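[1] output the structure for:
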Amino acid sequence: MSLRITAGPPLVESSADESDSAFVEAVHGMLRIFYRERPEWLHLSAGARFRLGAAMFREVVCPAGSVHAQLIHRASSPAGLPRAVVYRTESAGALRVYEIRNGVEREVCTDEWHAS
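    Model (predicted):
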């Protein structure tokens, strides 16, 4: 796996009507892969919503950058995660967006990317 320098928090797939609390619990469920018990310091919140094509995503806001790295790393593995993950990077001043679904990463056209 190569090092990824992200621009902002990763995003996890979410339905349009999923509440903030249901989203956070779903992400906590995915993090049980790394943390069998929820650490005291692990605090998540749901951030901004984005649309990529027909799919909706939410930012995973967490002060611990290691959590972001774990999500991206696990999503990129052959086992993947139950929900798609998106991360953003900047290269030469241009935004690049990558979706990881079922362990497969692909760069997506930024024209498909919209804040909701």
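[2] can you give me the strands for the chain?
    Secondary structure of the chain by DSSP state E: the strands cover 11-13, 45-52, 55-61, 85-91, 94-101, 104-108, 113-115.
[3] nearest residue to residue 57 in space, please, no chain neighbours.
    Leaving out its chain neighbours, the residue that sits closest to residue 57 by Cβ to Cβ, 6 or more residues apart in numbering is residue 11, at 3.8 Å. Using the backbone N, CA and C atoms, a C-beta is placed for each residue, glycine as well.
[4] now do the one you found against residue 81, distance only.
    12 Å (Cβ to Cβ, to the nearest Å).
[5] the two: who's more crowded?
    When neighbours are counted by other Cβ atoms under 10 Å, residue 11 and residue 81 differ, and residue 11 comes out ahead with 26 against 22.
[6] on that earlier part again, out of the strands of the chain, which gets nearest to residue 74?
    strand 85-91 (8.5 Å; Cβ to Cβ).
[7] got the buried residues for the closest one?
    For strand 85-91, the neighbour count (16 or more other Cβ atoms under 10 Å) marks 85-88 as buried.
[8] now, among those residues, which is nearest to residue 42?
    The closest of the buried residues of strand 85-91 to residue 42 turns out to be residue 85 (Cβ to Cβ; 17.4 Å).
[9] list the contacts for that closest one?
    Neighbouring residues of residue 85 by Cβ atoms under 8 Å, 6 or more residues apart in numbering: 10-13, 71-72, 75, 99-100.
[10] again, only this time at 6 Å
    Residue 85 is in contact with 10, 12, 71, 75, 100, counting by Cβ atoms under 6 Å, 6 or more residues apart in numbering.
[11] nothing else from me, thank you.
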